[in-house]
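Visitor: Any chance you could fold what I've pasted below:
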Amino acid sequence: MTLPVPQTTATPNRGGTFPSRAPLWADLVATACHVGHIKSGPGTWGAAIGVILWLLAEKAVDGSGRDLAVFGIAVLLSMAGMKAATLVERATGVEDPPFVIVDEIVGQLFALIGAPATWKAAVAGFLLFRLFDITKPFPLRRLESFPEGIGIVMDDIGAGLYSLAVLHLLLHFGILP
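Guide: Reported below is the predicted structural model:
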């Protein structure tokens, strides 16, 4: 009797076998030290971590270097997040696993670049990012079609950039003081 071979979308590693676990560093980056395993709203928790990182960067860097620091953190975390998300996706065989939240952290950071470090800007940026991340207006859904971790992270970067534009319009026109 032959047992059916389980179907998986995982990619074999160099040795031709399927890995059973992602490397620890990838798991910790992709899940934000396992915060992504919180069952209730992992994406919202990831966005909240993004706001906290933004506030920490805003407080740690003085003057005109703040925006560059936030941008730099977002870019570096994007690159590490794409690799980590790829490894976790391959190890689990799950396409865009919900517990991978590094993409929400990155998107939230992009959403808040250049915003004043006020609670109103933080809340507005958070809500805008979650709105665009959940609804995925054109062409964000298409960004998900990039392979593996690139697709996982790119749609959230897009949602962050949409949020960034709307947030700065609200600030510019005085709708958000």
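Visitor: surely Glu95 meets Glu89?
Guide: Yes: using Cβ atoms under 8 Å, Glu95 is in contact with Glu89, at 6.6 Å. The C-beta positions use only the backbone N, C-alpha and C, and glycine is treated the same way.
Visitor: Which one of the two is surrounded by more residues?
Guide: Shown here are Glu95 and Glu89; by other Cβ atoms under 10 Å, Glu89 has more neighbours (25 against 12).
Visitor: That one and Phe110, how far apart?
Guide: 21 Å (Cβ to Cβ, to the nearest Å).
Visitor: Which element, helix or strand, includes the residue nearest the centre of the chain?
Guide: With distances taken as Cα atoms, centre = their mean, Asp103 lies nearest the centre of the chain, 1.4 Å away. Assessed by DSSP states H and E, Asp103 sits inside helix 102-111.
Visitor: Regarding this protein, what is its longest helix?
Guide: Looking across the chain with DSSP state H, the single longest helix is helix 65-92.
Visitor: follow-up on the earlier one: excluding sequence neighbours, find me the nearest residue to the residue nearest to the centre of the chain.
Guide: Distance criterion Cβ to Cβ, 6 or more residues apart in numbering; nearest residue to Asp103, sequence neighbours excluded, is Asp156 at 4.0 Å.
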